[in-house]
Every structure is written in C-alpha cells, then in structure tokens.
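Sequence plus predicted model, see below.
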Amino acid sequence: MKKIVKDKFTKNKNLTQTSANEAISYRTPKLITHYRRYESNYGIVDFPLCPACNHCIGRDYQEFCCGCGQALKWGSMKKMKLEL
Ligand SMILES: [Zn+2]
C-alpha cells in the first residue's frame, strides 16, 4: 500500500510528497510472485504481474515495471502462482 505524506508547506491538498522509504522501495528489486492467465487465438498466455501495482509485464526480464516504475526481480516462472 502506498503511504502518502502530505507536504505541510503547501496549501494544495492534492499535492503530495513521496516519502524517502517509498522512493527506496521502488528502486529495490521486488520478486515477481504471481502471473495472470489469458486465453487468446494462439492459446493460453501467461503474463507476470508487477508485485507493486499488479500491472501485466509484457516483456520477459524487463528491469522495471512500465506501470509504476518498480524495480523487478525475476525468479523461475514455475515458482510463480496464478493470480487469485
Ligand atoms: Zn508496477
């Protein structure tokens, strides 16, 4: 879950400040643990999911999630579980 820290110096409540811990956690590679299954004309296709935002990762072994920027750590596809 994202932790939002409000900037006490701005009056605009829509503006938020990213905490240092959150910024570091996005740069620390997280292991991909789940995948999502789709049926297509070519058969069944499995897409790994970003551990931070659940975005489908389109390319194998890409270093960052294109949805949220989370650094990714790739393990064995056999150890990933089907999304519930
Ligand atoms: Zn993501």
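Cool, the structure landed.

So which bits of this protein are right by the ion?
Residues of the chain found near the ion (CB under 5 Å from the ion) are 50, 52-53, 55, 65, 67-68, 70. C-betas here are computed from N, CA, C, even on glycine.

Ignoring the adjacent residues along the chain, who's closest to residue 65?
Residue nearest to residue 65 in three dimensions, not counting chain neighbours: residue 50, with 4.0 Å by CB to CB, 6 or more residues apart in numbering.

ditto for residue 52
Per CB to CB, 6+ apart, closest to residue 52 is residue 70, 3.9 Å.

The one you found is in contact with residue 54, isn't it?
No - Residue 70 is not in contact with residue 54 according to CB atoms under 8 Å; the separation is 10.6 Å.

So which of those two has more stuff around it?
With neighbours defined as other CB atoms under 10 Å, residue 70 and residue 54 compare such that residue 70 has more, 22 against 13.

What residues does that one make contact with?
26, 30, 50-53, 64 (CB atoms under 8 Å, 6 or more residues apart in numbering).

got the residue ranges for the strands in this structure?
All strands of the chain, identified by DSSP state E, fall at 4-6, 16-18, 30-31, 34-40, 43-48, 72-73, 81-82.

most neighbours per residue, which of those strands?
strand 72-73 (a mean of 16; mean count of other CB atoms under 10 Å).

ranges for the helices of this structure?
Applying DSSP state H to the chain gives helices spanning 20-27.

got the contact list for residue 62?
Contact analysis of residue 62 by CB under 8 Å, 6+ apart lists residue 72.

Distance of it relative to residue 56?
11 Å (CB to CB, to the nearest Å).

count of neighbours near residue 32?
20.

what's the answer for residue 80, then?
Neighbours of residue 80 under the rule other CB under 10 Å: 17.

Tell me what the residue nearest to it when sequence neighbours are not counted is bridged to.
In space, and not counting its chain neighbours, residue 80 is closest to residue 35: 4.8 Å by CB to CB, 6+ apart. On the basis of DSSP bridges, residue 35 is bridged to residue 48, residue 82.
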